[in-house]
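**Q** my questions are about this predicted structure, shown below with the sequence.
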Amino acid sequence: MRAEAQNTVAEIEKSLELLGQRLGVETAQHRLEEFNARVEDPNLWDDPEAAQKLMRDRQSLVDAIDTYEGIKQDLADNVELIELGEMEGDEEVISDAEAALKTLAVKAAQKELEALLDGEADSNDTFLEINSGAGGTESCDWASMLARMYVRWAEKKGYKVELNAESAGEEAGIKSATYKITGHNAYGWLKSESGVHRLVRISPFDSAAKRHTSFTSVKVYPVVDDNIEIEVNPADIRIDTYRSSGAGGQHVNTTDSAVRITHHPTGIVVTSSEKSQHQNRDIAMKALKSRLYQMELDKRSALVNEAHESAGDAGWGNQIRSYVLQPYQMVKDLRTNYETSDTKGVLDGDLDGLMGATLALNVSGKSRSEAQGD
């Protein structure tokens, strides 16, 4: 086997090792049998919430087993094809199998990163909050670019995206927006995006065509599961209703449907203005509980703060990433030093490389070597 193919095989085997450890491959089938026995219990649906959780947990185990066994089988099949091709001197068979191994290595690496999403709330849905920084129209436009980027990323993942609240900029873009993104591991993937994102470009709003620097903050917090109890003292909150407004046409809402909840002890403010007042109150309360839960997660884990502190000059605040469109093309994450010149791809939602580098650096307090038990 050629050296390049041997290296690819070694990469896949290393990913399989981590996947196997995360799966607990020795006991996986036994655990699946236990799940199957519980699913057959005629009294299972007496408690619908517990039943749904059981079904989700079972499906996650089935998916993990299928992924591990599938990669393992594909690896064996392609190695066998290469060996047969070498025995028969068939270069076409060898080349096809080597190409298949490269594709498999990418898939295995992706699944390896997903296997590292084992934090307390990583599998949850998530809220994504975007706020423009100082800079007026330029920052508002940058905020809308980031919103588009994350929506495109989520759609490529097959996630459901709901706009919960939005405040338009005075001339262009948005001042702020809050999305709910629904899908397996949505929070796990997006949590590393919290921080300040910096854009350098020739401003389309500057007649002198000068280069401008803009900042927008991103906050990510998990949607709290129903089985996670977050107590909110009614005396600690103020609920305001007001008339929401939109961009015009069918988006205009002329009823007092928007809801704003202010949590006095923490200063957290959440809004929802897309649905009826009753629904908005429910959405806003869930968002508040999620924010409070995120604060508790941050207290137990210094990961986010450590990442921000390592970003460089404290004058940049919590800057985590730079997007430079002028005088050259470069997106660089300041925590991992991962960079790419494909700025168009990134702004179109190709974020897995950037997110994956952060996950591989440190996920749930574990480096990759620690996660593999090295």
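**A** Noted; the coordinates are in hand.
**Q** so who does residue 295 touch?
**A** For residue 295, the contacting residues are residue 266, by C-beta atoms under 8 Å, 6 or more residues apart in numbering. Quick note: C-beta positions are derived from backbone N, CA and C, even for glycine.
**Q** just give me how far the helix or strand where it lies sits from the chain centre.
**A** In the assignment (DSSP states H and E), residue 295 maps to helix 277-300. For helix 277-300, the separation from the chain centroid amounts to 18 Å (computed by C-alpha atoms, centre = their mean, to the nearest Å).
**Q** quick one: buried residues of that helix?
**A** 277, 280-281, 283-294, 297 (16 or more other C-beta atoms under 10 Å).
**Q** what angle sits between the longest strand along the chain and helix 277-300?
**A** Scanning the chain for the strand with the most residues, using DSSP state E, yields strand 211-222. Orientation note: strand 211-222 sits at an angle of 90 degrees relative to helix 277-300 (axes from the mean of the first three to the mean of the last three C-alpha atoms, to 10 degrees).
**Q** tell me the strands beside strand 211-222, with direction?
**A** Applying DSSP bridges, strand 211-222 is found paired with strand 126-132 (antiparallel), strand 195-202 (antiparallel).
**Q** and stretch 125-134, average pLDDT?
**A** Averaged over stretch 125-134, pLDDT sits at 90.
**Q** what of stretch 186-205?
**A** Mean predicted lDDT for stretch 186-205 stands at 90.
**Q** and that stretch, how far out from the chain's middle?
**A** 13 Å.
**Q** buried residues of the host helix or strand of residue 101, list them for me.
**A** If you go by DSSP H and E, residue 101 is part of helix 91-115. Buried residues in helix 91-115, defined by neighbour count with 16+ other C-beta under 10 Å: 94, 97-98, 100-101, 104-105, 107-109, 111-115.
**Q** residues contacting residue 348?
**A** Contacts were defined as C-beta under 8 Å, 6+ apart; by that measure residue 348 touches 149, 152.
**Q** just to revisit the earlier point, closest one to residue 69 out of the buried residues of helix 277-300, please.
**A** residue 297 (33.0 Å; C-beta to C-beta).
**Q** where does the stretch 151-300 of the chain have low pLDDT?
**A** Where the stretch 151-300 of the chain drops to pLDDT under 70, the residues are 207, 225-229, 243-256, 274-277, 297-300.
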